[in-house]
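the following block contains a protein sequence and its predicted model.
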Amino acid sequence: MSLADYFENAQGTGILATTDADGNVDLAVYARPHVENEGTIAFVMADKLSHANLQSNPKAAYMFIEKTDGYQGKRLHLQKIREESDPELVESIRRRKRPDSPDASKSTAVYFKVTKIRPLVGG
């Protein structure tokens, strides 16, 4: 199954891990990523700690825990490749708009190369 199909159909919770230049780790709940192609995904990010960490350390990890019995999901190892701040682009990849979502003009689409995919457990 392709990443696009997986994230289009899977329900669950995603967690993005980032680290600053000094190795301090941050974890944040994130929606399913936008899959640009099999090797590239993107997240819409507000200007908060996760985004700040990526300015000094471009590596991140994303864990997706499926809403199902047992422990199903994926772990993605990521390398930041670019950022886009065009509000129309940001809005076009946002899966849904929550009432507390920042305005698209204050958000950034951050693109990552997927360097490794592992199952949630094992692998």
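On my side now, so go ahead.

who does the helix or strand bottoming out on mean pLDDT in the chain touch, helix- and strand-wise?
Least confident helix or strand, the chain: helix 87-93 with a mean of 89, by mean pLDDT, DSSP states H and E. The criterion is 3 or more C-beta pairs under 8 Å, 6 or more residues apart in numbering; DSSP states H and E, and the helices and strands that helix 87-93 contacts are strand 40-46, strand 107-119. Where you see a C-beta, it was placed from the backbone N, CA and C, and this is true even at glycine.

do a quick rundown of the helices in this protein.
Along the chain, counting by DSSP state H, helices occupy 3-9, 49-56, 87-93.

which strands and helices sit next to the second one?
Meaning helix 49-56. strand 12-19, strand 25-30, strand 59-66, strand 107-119.

so, low pLDDT: which residues of this structure?
Where the chain drops to pLDDT under 70, the residues are 95-105.
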